[in-house]
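Chemist: The following block contains a protein sequence and its predicted model.
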Amino acid sequence: MPSHLYEFSFAPDPRWSRRFAPQGAIQAYVEDVARREGVLDSIRTNTEARAQRAPNALRAALPPPAARSA
């Protein structure tokens, strides 16, 4: 996939090393954006997610589970 397809819309990177950047360049970009946005310490890699919980405000905005799976 072309490198620009891995970009976040709020953080474009005009400095891709190649049209099809290697995995390391894409990972470095994602980590750099996460660091700049202050969320890097909240990200866990190599971790299995067994459950998820949304804050009450988000749960109130979502349709019931039956409506989401339809």
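Modeler: It's in.
Chemist: who are the neighbours in contact with Tyr29?
Modeler: Tyr6, Glu7, Asp13 (CB atoms under 8 Å, 6 or more residues apart in numbering). (Each C-beta comes from the backbone N, C-alpha and C, glycine too.)
Chemist: cutoff 7 Å now
Modeler: Tyr6, Asp13 (CB atoms under 7 Å, 6 or more residues apart in numbering).
Chemist: For it, which three-state class applies?
Modeler: helix (DSSP: H, G, I helix; E, B strand; the rest coil).
Chemist: Asp32: which element?
Modeler: helix 23-36 (DSSP states H and E).
Chemist: whoops, Arg53 was the one
Modeler: Applying DSSP H and E, one finds Arg53 in no helix or strand.
Chemist: List the contacts of it.
Modeler: Neighbours of Arg53 in contact, by CB under 7 Å, 6+ apart: none.
Chemist: what about Glu7, distance to Ala34?
Modeler: Using CB to CB, to the nearest Å, Glu7 is found at 13 Å from Ala34.
Chemist: quick one, phi psi at Leu5?
Modeler: Phi and psi for Leu5, reported as degrees, to the nearest 10, are phi -70, psi -10.
Chemist: Now do the same contact list for Glu37.
Modeler: Glu37 neighbours (CB under 7 Å, 6+ apart): none.
Chemist: Local confidence estimate at it?
Modeler: If you check Glu37, the pLDDT there is 93.
Chemist: Next, it: phi, psi?
Modeler: phi -90, psi 0.
Chemist: go on, the one 5 residues further on?
Modeler: Dihedral angles phi and psi of Ser42 (degrees, to the nearest 10) take the values phi -90, psi 0.
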